[in-house]
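Novice: Okay, predicted coordinates and the sequence, questions at the end:
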Amino acid sequence: MAGRLLKRVAMFVAALMMVLGLPLVAAQVVFQAPASAAGAAPVRTVGVTITEINCGSACDGEGIEGIGEGPPDWYAKVFMNGDAGQRQDAPDDIAHIHPNWLFNKQIPMTQQTMPVRIQVWDRDSSSDDLADDTKEPGDKNLDFTINF
């Protein structure tokens with residue numbers, strides 16, 4: 001595998017939410033460029049790893065969780081390069097998690113940028129709640145662009 005690795009770069013992307021009920025999201029982005037099969041266009045694999053999710057403040061019965069509800073049941077959706085998104089779920093009723101969820105996407109080596117959107121959700125029996133991942137009013141998505 002080391003022979004296939006052309007480039008590996010890691011950068012840390014984090015959003016710390018200080019508003020009531022907002023989660024802390026920490027993500028790491030990793031690039032890996034494997035050798036391509038003969039005649040195939042070269043591609044690179046880009047990975048986004050969510051390493052931590054935590055309520056920025058109280059979330060048990062208030063904030064993201066309503067009265068009578070327990071700690072959040074986290075899951076994340078990651079949209080890379082405009083795709084339909086990938087989802088991973090955490091165990092129920094844990095407010096602070098270290099999931100190390102890895103989301104991968106292959107893109108052409110010639111592509112110079114890639115948009116990423118991270119959504120953190122709380123799974124509920126009636127309807128799920130989208131947590132606020134940013135400090136921007138009215139925007140609950142953590143959006144960023146990776147430049148190669």
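Specialist: Thanks, I have the structure now. Numbers count the residues shown, from 1 in each chain.
Novice: where's residue 87, which helix or strand?
Specialist: Element membership for residue 87 (DSSP states H and E) is strand 86-89.
Novice: Give the pairing partners of that strand; include direction for each.
Specialist: Using DSSP bridges, strand 86-89 pairs in its sheet with strand 74-80 (antiparallel).
Novice: contacting residues for the nearest residue to residue 101 once chain neighbours are set aside?
Specialist: Closest residue to residue 101 apart from its sequence neighbours, by CB to CB, 6 or more residues apart in numbering: residue 88 at 4.2 Å. All C-beta spots, glycine's among them, are computed from the backbone N, C-alpha and C. Counting by CB atoms under 8 Å, 6 or more residues apart in numbering, residue 88 touches 50, 75, 76, 99, 101, 103.
Novice: same thing but 10 Å
Specialist: 50, 74, 75, 76, 77, 78, 99, 100, 101, 102, 103 (CB atoms under 10 Å, 6 or more residues apart in numbering).
Novice: can you pick the most crowded of those?
Specialist: residue 74 (29 neighbours; other CB atoms under 10 Å).
Novice: Tell me how many other residues crowd the nearest residue to it once chain neighbours are set aside.
Specialist: Excluding its sequence neighbours, the residue lying closest to residue 74 (CB to CB, 6+ apart) is residue 90, at 4.4 Å. When neighbours are counted by other CB under 10 Å, residue 90 registers 18.
Novice: cool, and residue 109?
Specialist: Residue 109 has 14 neighbours, counted by other CB under 10 Å.
Novice: Residue 71 and residue 89: what is the separation?
Specialist: Here the distance between residue 71 and residue 89 works out to 14 Å (CB to CB, to the nearest Å).
Novice: likewise residue 98?
Specialist: Per CB to CB, residue 98 is found 15 Å from residue 89.
Novice: For the residue nearest to residue 101, name its beta-bridge partners.
Specialist: Note on residue 88: beta-bridge partners by DSSP bridges are residue 76.
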